[in-house]
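Engineer: Okay, here's the prediction I keep looking at, along with the sequence it came from:
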Amino acid sequence: MWPRIDGLRSLALGTPGELRARLNSLVLAGAKTATAGLTDEYAEEGEELEHVGERLALVDDHDAPVGVVEVTGVDVVRFAEVPWDFARSEGEGDRSIEEWRAGHAAYWARVGTPVTDDSQIVCVRFRLVSARG
């Protein structure tokens, strides 16, 4: 299970270190309003998918809250069918859906969960509710 903070599920973006710090900065700056996960990760952690209206505690490497986001949309799609408007809303600077797919496939391969075109991706959209630090 994911850690709970003040009754909220935590949202730990990327991997600890430089990547998580960069992604959190993008959320806090309002540039990142979405994130993608694998349905397999939810199953492994015994977690349900997020739901619209749910608030999540955005956390740093030490599970300390840096902000709160509210889920505005959740879709599950094949990796090959993640839409460009979603990928762009991740705010990570990808210039095309192909670049987004290559970067995310490389990331998931690095963390030991390689994806195929048929892998089920959880596309979560959110808005920043508050920043705390």
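Structural biologist: Perfect, thanks for sending it.
Engineer: Given the helix or strand harbouring residue 77, what are its sheet partners and their directions?
Structural biologist: Per DSSP states H and E, residue 77 falls inside strand 65-78. Partner strands for strand 65-78, per DSSP bridges, with pairing direction: strand 55-59 (antiparallel), strand 120-131 (antiparallel).
Engineer: right, and the secondary structure at residue 14 would be what?
Structural biologist: Under DSSP: H, G, I helix; E, B strand; the rest coil, the three-state class of residue 14 is coil.
Engineer: quick one: contacts of the top helix by length along the chain?
Structural biologist: Longest helix of the chain, by residue count under DSSP state H: helix 97-110. Residues outside helix 97-110 that contact it (CB atoms under 8 Å, 6 or more residues apart in numbering): 14, 36, 38, 79-80, 82-84, 87, 90, 92, 94, 114-115. Using the backbone N, CA and C atoms, a C-beta is placed for each residue, glycine as well.
Engineer: Just these: which are in helices?
Structural biologist: 84, 87.
Engineer: Quick one: neighbours of residue 61, just the number.
Structural biologist: Other residues within reach of residue 61, judged by other CB atoms under 10 Å, total 12.
Engineer: Kindly report the same for residue 3.
Structural biologist: Close neighbours of residue 3, defined as other CB under 10 Å, add up to 11.
Engineer: contacting residues for the spatially most central residue of the chain?
Structural biologist: Centroid check for the chain by CA atoms, centre = their mean gives residue 35 as the closest residue, at 2.9 Å. Neighbouring residues of residue 35 by CB under 8 Å, 6+ apart: 11, 13, 23, 90, 124, 126.
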